[in-house]
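The amino acid sequence is not available; the structure is as follows:
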């Protein structure tokens, strides 16, 4: 009986080794934790909402371990006669720790549909016809031209291509622009026009996702 069990054990080990040699290695880089705005957290993350003293618009905040992340959200109709909406988010990361932070783009979604980042720029001049067609100009986006959202830094269209550092006792503000992936995304009534459903946007600070939840009715209409 012992001999049979030993033979079976050796066979199992050899089988696993053979499978491991034949299969390509898989590497995964995932956040080890996530803090979601206004959801209970076992790690004592604090969520809050405040109003901009000048505009009165909402600002969502998440704090944990000396790191404060805040978010603003707006939307607007795509110009030049095209159908659809832009979803825009600005995030500020304040580093109150004694060590450097690394900030990476997280994810954005509209009612569970992934919203991919767009390439944006201050101007298309010098980009050439082919590259210029892939860039959206900030001057034509109301959320940025009217000063509601910051235009200092932007997450790129290739999210893995850049890491933003934040030194101790410093802050960084980054914006994100996406096209609403849904075919029909805005609902209008006597109270105004707003995106349907709920938007989610996150940034990854070191290995933690800071996730902000924005019901469509709480987003700012930057211009239609």
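It's in. Predicted, not measured: the structure shown is a model, and the values here were computed from it. Numbering: from 1, shown residues only.

contacts, neighbours, all on C-alpha from now
Will do.

Where do the helices of the chain begin and end?
2-22, 128-132, 142-145 (DSSP state H).

The longest one - what's its average pLDDT?
When you say that, I think you mean helix 2-22. The average pLDDT within helix 2-22 is 44.

Could you shift the numbering so residue one becomes 25, and keep it that way?
Okay, residue one is now 25; in that scheme the one you just asked about reads as helix 26-46.

Could you pull up the residues touching residue 61?
71-72, 84-86, 234-237 (Cα atoms under 8 Å, 6 or more residues apart in numbering).

From these, list the buried ones, please.
For those, burial is judged from neighbour counts taken by 16 or more other Cα atoms under 10 Å, and it is met by 71, 84-86, 234-237.

Narrow those to those in strands?
With DSSP state E as the criterion, strands contain 71, 84-86, 234-237 from among the buried ones among the contacts of residue 61.

so residue 119 touches residue 189, yeah?
No - using Cα atoms under 8 Å as the test, residue 119 is too far from residue 189 to be in contact (10.2 Å).

neighbour-wise, which of those two wins?
Each of residue 119 and residue 189 has its neighbours counted (other Cα atoms under 10 Å); residue 119 has more, 21 against 16.

Quick check: bridge partners of the more buried one?
Per DSSP bridges, the residues bridged to residue 119 are residue 91.

before we move on, back to that, now pLDDT too, for the contacts of residue 61, in a markdown table please.
A markdown table is the format used below for the contacts of residue 61 (pLDDT from 0 to 100):
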| residue | pLDDT |
| --- | --- |
| 71 | 92 |
| 72 | 93 |
| 84 | 96 |
| 85 | 96 |
| 86 | 95 |
| 234 | 95 |
| 235 | 95 |
| 236 | 96 |
| 237 | 95 |
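
got a list of what residue 193 touches?
Counted by Cα under 8 Å, 6+ apart, residue 193 has contacts 118-122.

Residues that sit against both of residue 119 and residue 189, list them.
Residues touching both residue 119 and residue 189 (Cα under 8 Å, 6+ apart): residue 125.

can you list the ones in strands among the buried ones among the contacts of residue 61 in TSV and add distance to residue 181?
TSV is the format used below for these (distance: Cα to Cα, whole Å):
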residue	distance to residue 181
71	29
84	24
85	25
86	25
234	20
235	19
236	20
237	22
